[in-house]
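**Q** structure, please.
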Amino acid sequence: MLSVEETAELLEKAQKGDDAAKSALLQNNLPLIKSIVRRYKNKQIEYDDLLELGTLGFIKAMNHYDASFGVRFSTYAVPMIAGEIKRYIRDNGVIKVSRSLKAKNLLMHNFMEEYRQKNGKEPSLREIADFLKVEEEEVVFIMDSAKYPISIYAESDEDGLSLADKLASKDNPDDYIDKLVLKEIIDKFDKRDKTIIFLRFYRDKTQSEIAAVLGVSQVQVSRLEAKILARIRQELV
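**A** This is a model prediction of the structure:
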């Protein structure tokens, strides 16, 4: 993915009408767009149509983003991409937001209200995720779900700040995007490959230690790891 500096430079050129810069931004953010599009896949909507809608949302984000918003471009683009898809779905009555998502949204809303009253501040993304028992990157989708919309970028009437401005988090916002993209890819792997990924990259185990767990040779683990990494790179293209 592009660095923050490279993204800022391309955005400046793109907003001045540089087609090459627009193309570079789009190509480098396709994994992000695709990861969001996959969440809305439905047999009644063609994948290519969803991708086109997601791309349109990304272009709108690219045209309207301003560094003074105080958030990274990728963080700003996520709800713009999802919003374009959801508007189409809502306007065409293709699918409805699941009851479980609506329920989580309502639970989150009640939790946040109680937290504010008790602590005098906004809960962090981690605290919301822990309460709902979901990953942190899922919170933004729950916040932006239909029926009970709580947009992470909507400004409050009280102080003009958005929830994204108020949420306490020491993490880089782009980390959530990276996690989201990687999670979507890893979900496709079988149990054995997921075990290798988990032990190798999240538990820092050696190939020999993983081989002992799986009951195979170290050479086999090495080959499997190479195939896994190659597949991840291919998915990111």
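
**Q** and the residue nearest to residue 207 when sequence neighbours are not counted, what's its pLDDT?
**A** Closest residue in space to residue 207, ignoring its immediate chain neighbours: residue 221 at 4.5 Å, by C-beta to C-beta, 6 or more residues apart in numbering. C-beta coordinates here come from the backbone N, C-alpha and C atoms, glycine included. Note on residue 221: pLDDT of 91.

**Q** so how far is residue 31 from residue 221?
**A** Note on residue 221: its distance to residue 31, by C-beta to C-beta, to the nearest Å, is 27 Å.

**Q** those two: which has the busier surroundings?
**A** More crowded of residue 221 and residue 31, by other C-beta atoms under 10 Å: residue 221, with 23 against 20.

**Q** list the contacts of that one.
**A** Residues near residue 221 by C-beta atoms under 8 Å, 6 or more residues apart in numbering: 196, 207-208, 210-211, 214.

**Q** hmm, 6 Å instead?
**A** By C-beta atoms under 6 Å, 6 or more residues apart in numbering, the residues touching residue 221 are 207, 210-211.

**Q** which strand or helix spans it?
**A** Applying DSSP states H and E as the criterion places residue 221 in helix 218-236.

**Q** centre of the chain to that helix, how far?
**A** In terms of C-alpha atoms, centre = their mean, to the nearest Å, the centre of helix 218-236 is found 24 Å from the chain centre.

**Q** for it, buried residues please.
**A** For helix 218-236, the neighbour count (16 or more other C-beta atoms under 10 Å) marks 221, 224-225, 228, 232, 235 as buried.

**Q** tell me which of those is nearest to residue 185?
**A** residue 235 (4.6 Å; C-beta to C-beta).

**Q** pLDDT score for the closest one?
**A** On the pLDDT scale, residue 235 gets 65.

**Q** ditto for residue 37
**A** pLDDT, residue 37: 85.

**Q** next, count neighbours for it.
**A** Using other C-beta under 10 Å: residue 37 sits among 25 other residues.

**Q** from residue 232, how far out is it?
**A** From residue 37 to residue 232 the distance is 18 Å (C-beta to C-beta).

**Q** what's near enough to touch residue 24?
**A** Contacts of residue 24 (C-beta under 6 Å, 6+ apart): residue 10.

**Q** which of the three states applies to it?
**A** At residue 24 the chain is in helix, as set by DSSP: H, G, I helix; E, B strand; the rest coil.

**Q** do residue 83 as well
**A** What three-state DSSP gives for residue 83 is helix.

**Q** residue contacts, the spatially closest residue to it that is not a sequence neighbour?
**A** Once flanking residues are discounted, residue 83 sits nearest to residue 57: 6.2 Å by C-beta to C-beta, 6+ apart. With contact taken as C-beta under 6 Å, 6+ apart, residue 57 is in contact with 80-81, 84.

**Q** any idea how this structure splits into domains?
**A** 4-92, 99-171, 188-236 (automatic domain parsing).

**Q** on that earlier part again, out of the contacts of residue 221, which are buried?
**A** By neighbour count, with 16+ other C-beta under 10 Å, the contacts of residue 221 hold 207, 210-211 as buried.

**Q** I figured residue 21 hits residue 11, correct?
**A** No - between residue 21 and residue 11 there is no contact, the gap being 7.7 Å when judged by C-beta atoms under 6 Å.

**Q** quick one: which of those two has more around it?
**A** residue 11 (21 against 18).
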